[in-house]
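> My questions are about this predicted structure, shown below with the sequence.
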Amino acid sequence: MVEFLNAQYRMTDAIVEKYDAYKVETIGDADLIASGIPTPNGTKHATEIAKLSIDMMKAFTGFRLPHRPSESLQVRIGLHSGHCMAGIVGTKIPKYCLFGDAVSTATKMESTSEPGRIQMSCKTAEILRGTGGFVMQSRGKIQLKGKKDFETFWLEREDHNHA
């Protein structure tokens, strides 16, 4: 199991290094990865995280579980754009943390996604539409705790024909 987790962590870290992104933390089997922190990068964060997510999905497709070789890893990814607060908390083992609605909404995007899919908020989809270069499909409105009729989209792939 440790060998499997180490392989998963190494693969994730190698993908994150290719982008203007930062792996904030791992909680259980989920990674919180952000772009535009600690140095803001405008709307570039959406493109960086979208490309990273597509690479992550490709990398983990077919990633076999050593203790269950007939099964592969089921990955769900959620994206959201918005403001957050960041800071270092703790003194004995200081930790860089993100706080705010954008963080909780991104978490909800992941938890309500489907295995093998990248779900994103309307806000992130709007930014990506503006920058171009991605194929997206409307998922429609879903119910999220604390948010009414929340419109989401599937990020399908990069559009390499985009000029």
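That came through fine.
> lowest confidence element among the helices and strands of the protein?
In the chain, the helix or strand scored least confidently by mean pLDDT, DSSP states H and E is strand 64-65, which has a mean of 71.
> Give the other helices and strands that it contacts.
Under the contact criterion of 3 or more CB pairs under 8 Å, 6 or more residues apart in numbering; DSSP states H and E, strand 64-65 touches strand 68-72. Any C-beta I mention is one placed from the backbone N, CA and C, and that applies to glycine too.
> Please enumerate the strands of the protein.
Under the criterion DSSP state E, strands of the chain are mapped to 22-27, 30-34, 64-65, 68-72, 76-79, 85-89, 95-99, 117-121, 134-144, 147-158.
> mind putting those strands in a markdown table, mean neighbour count and distance to Glu3 included?
Compiled in a markdown table, the strands of the chain are given as follows (neighbours: other CB atoms under 10 Å; distance: least, CB to CB, whole Å):
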| stretch | mean neighbour count | distance to Glu3 |
| --- | --- | --- |
| strand 22-27 | 14 | 17 |
| strand 30-34 | 18 | 19 |
| strand 64-65 | 13 | 11 |
| strand 68-72 | 10 | 13 |
| strand 76-79 | 23 | 23 |
| strand 85-89 | 11 | 32 |
| strand 95-99 | 14 | 26 |
| strand 117-121 | 24 | 27 |
| strand 134-144 | 14 | 35 |
| strand 147-158 | 16 | 31 |
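> Just checking: what are the partner strands of the least confident helix or strand of the chain?
strand 68-72 (antiparallel) (DSSP bridges).
> what about the strand it pairs with, distance to the chain center?
24 Å (CA atoms, centre = their mean, to the nearest Å).
> Please tell me how far the most far-flung residue of the chain relative to its centre sits from Leu32.
In the chain, the residue that sits farthest from the middle, by CA atoms, centre = their mean, is Lys92; the gap is 29.1 Å. With distances defined as CB to CB, to the nearest Å, the gap from Lys92 to Leu32 amounts to 22 Å.
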